[in-house]
Every structure is written in structure tokens, then in C-alpha cells.
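Participant: only geometry, no sequence info:
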């Protein structure tokens, strides 16, 4: 009976060591995962900031395009009026 008790005690100690090693390994893996999650959060924050900067730049470009379109329209109308007045001037001289 004594021999059986020693075996059980030895098995118990071995199981406890195995469990301790397993828990240590799990904790290390959880620490690594936490670091990865933290890095991903930092990257996400950076990407969100970059996205906001790009949105601002896109809006500025849209405004620039609107100004260019308005300027071109104004120039076209100015040319049309110059052409009309030139034709009127020519017609007056000919008549």
C-alpha cells in the first residue's frame, strides 16, 4: 500500500508541474496576444488620423475644382460677349 501511495503522490506532483507549465505557457501566449492587440489598436488610430487628413485634402481639392470650373465658365462667357460685341462692331462699320 505504501508503494501505491508514493506512485499517486508522484503522479500528483507531476500533474501539478504539468499544469503549472501549461498555465505559464498560456499566460505567455495571452501576453503576446495582448501586445498584438495593442499594436493593432495603435495602427488603427494612426490609420483613422490619416483618413481624416485625406478627407480634408479631398474636400480642399473639390473646392479647387469648383473654383476652376467657375473660372472657366466666366472666361467662356467673357469670350462669347467679346465675340458678340466684335460682330456688332463689324456690322455697324459695314452698314
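Facilitator: Sure thing, it's come through. Just so you know, these numbers come straight off a predicted model, no measurement behind them.
Participant: In which helix or strand does the residue nearest in space to the middle of the chain reside?
Facilitator: Nearest to the mean C-alpha position of the chain, counting by C-alpha atoms, centre = their mean, stands residue 47 at 3.4 Å. According to DSSP states H and E, residue 47 maps onto helix 2-94.
Participant: now that helix: mean pLDDT?
Facilitator: Computed over helix 2-94, the mean pLDDT rounds to 89.
Participant: Return the distance of it from the chain's centre.
Facilitator: The gap between where helix 2-94 is centred and where its chain is centred comes out at 0 Å by C-alpha atoms, centre = their mean, to the nearest Å.
Participant: need the contact list for the residue nearest to the centre of the chain.
Facilitator: With contact set as C-beta atoms under 8 Å, 6 or more residues apart in numbering, residue 47 has no partners. The C-beta positions use only the backbone N, C-alpha and C, and glycine is treated the same way.
Participant: How much space separates it from residue 59?
Facilitator: 19 Å (C-beta to C-beta, to the nearest Å).
Participant: Check residue 71 too.
Facilitator: Taken as C-beta to C-beta, the spacing of residue 71 relative to residue 59 amounts to 19 Å.
Participant: With residue 31 instead?
Facilitator: When C-beta to C-beta is applied, the distance between residue 31 and residue 59 equals 43 Å.
Participant: What's the local residue count around residue 89?
Facilitator: The local packing of residue 89 (other C-beta atoms under 10 Å) involves 10 other residues.
Participant: Would you mind measuring from it to residue 83?
Facilitator: When distance is defined by C-beta to C-beta, residue 89 is 11 Å away from residue 83.
Participant: Also residue 37?
Facilitator: If you measure residue 37 against residue 83 using C-beta to C-beta, the figure is 68 Å.
Participant: can you check residue 41 too?
Facilitator: With distances taken as C-beta to C-beta, residue 41 is found 63 Å from residue 83.
Participant: same question, residue 24
Facilitator: Here the distance between residue 24 and residue 83 works out to 88 Å (C-beta to C-beta).
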